[in-house]
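# my questions concern the predicted model and sequence given below.
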Amino acid sequence: MTRAAHAPQLAYLGAQSPLPLLSAVALRAAVALARWSELSRTRKALKQLDEHILRDVGLERHAAYTEARRKFWQG
């Protein structure tokens, strides 16, 4: 989706008062944990893909293996 599709929601959020400090920290932590979880899950799945699927997405086994070995915090 494009940024224009979310313009009303972004305008609404921009007009709101900032979050209290503790809430902002908790939100950032939750976003980071969700991102790390997604990276971990997708890298585990990448490790299990068959050769023909890797070819379909344009990856070689070595590149997929290298990416799958990265730690979840290594963006």
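Good, I have the coordinates.
# show me the residue sitting in the middle of the chain in space.
Central residue of the chain (C-alpha atoms, centre = their mean): R35, 4.4 Å from the mean position.
# tell me how far the host helix or strand of it lies from the chain's centre.
R35 is part of helix 21-47 when elements are defined by DSSP states H and E. Mean-position distance between helix 21-47 and its chain equals 7 Å (C-alpha atoms, centre = their mean, to the nearest Å).
# that helix: what's the following helix or strand?
Once the chain leaves helix 21-47, the next helix or strand it forms, by DSSP H and E, is helix 51-56.
# which strands and helices sit next to that next one?
Packing contacts for helix 51-56, counted by 3 or more C-beta pairs under 8 Å, 6 or more residues apart in numbering; DSSP states H and E, involve helix 61-69. From N, CA and C alone the C-beta is placed, and that goes for glycine too.
# what's next to the helix it packs on, contact-wise?
For helix 61-69, the surrounding residues in contact (C-beta atoms under 8 Å, 6 or more residues apart in numbering) are 43-44, 46-47, 49, 51, 54.
# and it with helix 21-47, angle?
Angle between the axes of helix 61-69 and helix 21-47 is 150 degrees (criterion: axes from the mean of the first three to the mean of the last three C-alpha atoms, to 10 degrees).
# who's in contact with W73?
W36.
# so how far is L54 from it?
25 Å (C-beta to C-beta, to the nearest Å).
# okay, buried residues for the helix holding R35 please.
39, 43, 46 (16 or more other C-beta atoms under 10 Å).
# so how far is A34 from the nearest residue to the second one once chain neighbours are set aside?
To tie it back to what came earlier, the one meant is R43. Counting by C-beta to C-beta, 6 or more residues apart in numbering, A68 is the residue found nearest to R43 once chain neighbours are left out, at 4.8 Å. Look at A68 and A34: by C-beta to C-beta, they are 20 Å apart.
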